[in-house]
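A.B. asks: Have a look at this prediction, sequence included:
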Amino acid sequence: MKTTRREHLALLGGTALAAFAPAVSFAESHATEPKVIEVLMLNADPENKKERQVFVPAVIRANVGDTIKFISENPGHNAQVDKKMMPEGGTEFKGRIGKDVEVVMEVEGAYGYQCQPHASAGMVGLILVGDVSGNYEAIKEVRQRGKAKKRYQAYFEMADAMLAEEAANAS
């Protein structure tokens, strides 16, 4: 099932209806359905125009089977996995400049991704698929250049907080 951001927001607004159905069945029915997660490739962050060459969102939480759709909103960008920042046997992808690209995440783990022409300008991001414990700490150690180093540091902090919240909610 493919959903747009607008449809996703409408679904979130409808969560109040879940009160009329058992919470467990609602969670179970949506936890296993693959989803499409859209990521915009932009010249500037819509919330902070000073941040240039960005993916929005930059940190993505996904499940095995989910599709990540990188949308070329502005020309001159692509999305591709950093082969040094992916799990063994992980899903490789490389989009063409100025073109949308879709990738189905088939292997659990943490993935670093980038825009090839703008990686050193900081156009990078993270995809966390399922259980990331197998390679998450290792990809943190991959050496980065330019603004990518600073952005990855911020994105790993965001991912750490996200994973800690998930762990707390699971206990």
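C.D. replies: Structure received.
A.B. asks: Arg143 versus the residue nearest the centre of the chain, what's the distance?
C.D. replies: Centroid check for the chain by CA atoms, centre = their mean gives Ile60 as the closest residue, at 2.3 Å. Noted for Ile60: a distance of 23 Å to Arg143, by CB to CB, to the nearest Å. Any C-beta I mention is one placed from the backbone N, CA and C, and that applies to glycine too.
A.B. asks: Show me how far the helix or strand Met162 falls within is from its chain's centre.
C.D. replies: If you go by DSSP states H and E, Met162 is part of helix 146-170. With CA atoms, centre = their mean, to the nearest Å as the basis, helix 146-170 stands 12 Å off its chain's centre.
A.B. asks: List the contacts of the spatially closest residue to the residue nearest to the centre of the chain that is not a sequence neighbour.
C.D. replies: Spatial nearest neighbour of Ile60, chain neighbours left out: Ile127 (4.7 Å); criterion: CB to CB, 6 or more residues apart in numbering. For Ile127, the contacting residues are 60, 62, 68, 105, 110-111, 113, by CB atoms under 8 Å, 6 or more residues apart in numbering.
A.B. asks: And His77, by the same measure?
C.D. replies: By CB under 8 Å, 6+ apart, the contact list for His77 reads 41-42, 53, 97-98, 115, 117-118, 123.
A.B. asks: Narrow those to those in strands?
C.D. replies: 41-42, 53 (DSSP state E).
A.B. asks: mind checking the end-to-end distance for stretch 101-117?
C.D. replies: Chord length of stretch 101-117, first to last residue, is 16 Å (CA to CA, to the nearest Å).
A.B. asks: Could you list the residues in contact with the helix holding Met162?
C.D. replies: 58-59, 61, 110, 112, 114, 119-126, 128, 132, 136, 140, 144.
A.B. asks: Of those, grab the buried ones for ChimeraX.
C.D. replies: What follows is the ChimeraX syntax selecting those of these that are buried according to 16 or more other CB atoms under 10 Å:
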select :58,59,61,110,112,114,119,121,122,123,124,125,126,128,132,136,140,144
